Structure formats: C-alpha cells, structure tokens
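Visitor: Following is a predicted model, sequence given first.
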Amino acid sequence: SQTIHQWPATLVQPVGSPLSLECTVEGTSNPNLYWYRQAAGRGLQLLFYSVGIGQISSEVPQNLSASRPQDRQFILSSKKLLLSDSGFYLCAWSPGTGNTEAFFGQGTRLTVV
Amino acid sequence: EDQVTQSPEALRLQEGESSSLNCSYTVSGLRGLFWYRQDPGKGPEFLFTLYSAGEEKEKERLKATLTKKESFLHITAPKPEDSATYLCAARALDTGRRALTFGSGTRLQVQP
C-alpha cells in the first residue's frame, strides 16, 4: 500500500533563517505531488505541484520554492523566512494517471518567530 | 476562477441529532468532488469521491451526495467521535494540473 511521510511535525524558526521541509511517498511510481498551506481556520491553499522529476509549477508568488529531485521526493524550501510564512504545511500525492483523490501527509506546523 | 464554498462554518450537534453540511462549487468542468475529514493538527483524511450528479456514497454514519451545483455530506445519528473539520474539494477539467480546490471547511462538534 502507499504511504506518505512528511517531516518534521513541528518547527520553530527565526525570521531570516532558511527552511527545508521534506516529503516522500512509498508504494507508487510517477505520482503527482503537491504542497499546500493551511492558515488557521482556513481552507487549503495550493502552493506548488509537480507531475514529474524536475517539473514544478507555482500557484502563488511567494518567498518559497519547491524541488523534486527524485520521483517520490518533494521538498519545500525558503532562503529567508518571513513572519507571514507561519502556517500548517501539507504534502499530498495523487496517482499520475486517472482522476482520483489526493492523499495527505500529517503536516508540518511552522512557526516563524 | 474555480471556487468552492462550504456552509455552515461551524456546526454544533447533540449526539444522535442528524444534519447536513453543504458544499457549493463553481468550476470549469467538474472532474471530481472530494470530501475529507481533518482532525486538529492532522492532515486531511480522504472520505469520498463523487464524479457525476446523482451519485451517492456512504460510509458508516456519513453519506455524500452530488448535484450539478452542490454536494451535501449527511451525518446520521452522529457520535462525539465524528467531531472534526470536514473539507470539500473540487477538481476541474484542465490539461494536467490535477490539483484540488478546497473550501474553508465546516467545523463539526458533536456533544454527548
């Protein structure tokens, strides 16, 4: 069966520091991968999605970037964090073909101080 | 622009008191309507996918239905463990994005 791992679960970082959040998927090949951000009491906002290695599409201009160095690895990064980057970050995957649901990791709570 | 709107924002029920959550959507060519459950501090957990108007899916006390403009999540005789935020999402017809557009969710609290 397929599983998705996302880490760390919580992170407190000072303003101006770098960020790296990692997500890996097991048990599938060529998945579509996504990074979402959820503000408190709000819905999920799509940040980035990827349909293949090295293929990254950005939905929202921001202080963040994403990379997909391997088929089942998706990384969210920032060179210098802002206070406004605080939030709940979720990685998700869906099968590369077909029109099916997406499956989410357990999320990373990022607090920028 | 694709939009998904959920109502109410919050709902408090007594145990056993049935109700419905609403999800209205405006997307260019609906390719799927998805329901998720999210517990505090956790990632969303998949519940249902609906593809065409008239379709229904059931799981325990939950039943999801779909029309051409809305989806409903019916909760029959809820229990306290059904307390969570329920998220609705839609996938639109596109050439490869495949991402979901989410509503803001309905926070459900079921009191014993």
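Guide: Arrived safely, thanks for sending.
Visitor: Number of residues surrounding B:Gln3?
Guide: B:Gln3: 11 surrounding residues under other CB atoms under 10 Å in any protein chain shown. Backbone N, C-alpha and C define where each C-beta goes, glycine included.
Visitor: how many neighbours does the closest residue to it other than its chain neighbours have?
Guide: Using CB to CB, 6 or more residues apart in numbering or on different chains and skipping the chain neighbours, the partner closest in space to B:Gln3 is B:Thr26 (4.7 Å). Residues lying near B:Thr26 (other CB under 10 Å) number 14.
Visitor: Give the full set of residues in contact with B:Thr26.
Guide: If you count contacts by CB atoms under 8 Å, 6 or more residues apart in numbering or on different chains, B:Thr26 has them with B:2-4, B:69.
Visitor: Of those residues, keep whichever come out buried.
Guide: Using 16 or more other CB atoms under 10 Å in any protein chain shown as the burial test, the contacts of B:Thr26 include B:2, B:4 as buried.
Visitor: among the contacts of B:Thr26, which are in strands?
Guide: With DSSP state E as the criterion, strands contain B:3-4 from among those.
Visitor: shaky segments in the chain?
Guide: This is for chain A. A:61 (pLDDT under 70).
Visitor: meant chain B, my bad for not saying
Guide: In chain B, residues with pLDDT under 70: B:94-98.
Visitor: thought B:Arg99 was touching A:Leu33?
Guide: For residue B:99 the amino acid is Ala, not Arg. No - between B:Ala99 and A:Leu33 there is no contact under CB atoms under 8 Å: 10.3 Å.
Visitor: got the contact list for stretch A:42-54?
Guide: A:30, A:32-39, A:56-60, A:62, A:64, A:66, A:68-71, A:74, A:76, A:90, A:96, B:4, B:44, B:87, B:89, B:96-105.
Visitor: The residue nearest to B:Gln3 and B:Phe102, how far apart?
Guide: According to CB to CB, to the nearest Å, B:Thr26 and B:Phe102 sit 14 Å apart.
Visitor: residue in chain A nearest to chain B?
Guide: Residue nearest to chain B within chain A (CB to the nearest CB): A:Phe104, separated by 3.7 Å.
Visitor: where along the chain do the helices fall?
Guide: Let's take chain A. Counting by DSSP state H, no segments of chain A form helices.
Visitor: Centre-most residue in it?
Guide: A:Trp35 (3.0 Å; CA atoms, centre = their mean).
Visitor: so what's it up against?
Guide: If you count contacts by CB under 8 Å, 6+ apart, A:Trp35 has them with A:23, A:46-49, A:66, A:74, A:76, A:89-91.
Visitor: let's go with 10 Å and repeat that
Guide: A:6, A:21, A:23, A:45-50, A:56, A:58-59, A:64, A:66, A:74-76, A:89-92 (CB atoms under 10 Å, 6 or more residues apart in numbering or on different chains).
Visitor: Now the residue of chain A closest to chain B. Nearest residue, chain neighbours left out?
Guide: B:Gly43 (3.7 Å).
Visitor: how about that neighbour, phi and psi?
Guide: Dihedral pair for B:Gly43: phi -80, psi 160, per degrees, to the nearest 10.
Visitor: end to end, how far does stretch B:7-15 reach?
Guide: Separation of the first and last residues of stretch B:7-15 by CA to CA, to the nearest Å is 20 Å.
Visitor: so how far is that stretch off the chain centroid?
Guide: Taking CA atoms, centre = their mean, to the nearest Å, one finds stretch B:7-15 lying 13 Å from the centre of the chain it belongs to.
Visitor: A:Pro109 and B:Gly29: what is the separation?
Guide: You called it Pro, but residue A:109 is Arg. With distances taken as CB to CB, A:Arg109 is found 35 Å from B:Gly29.
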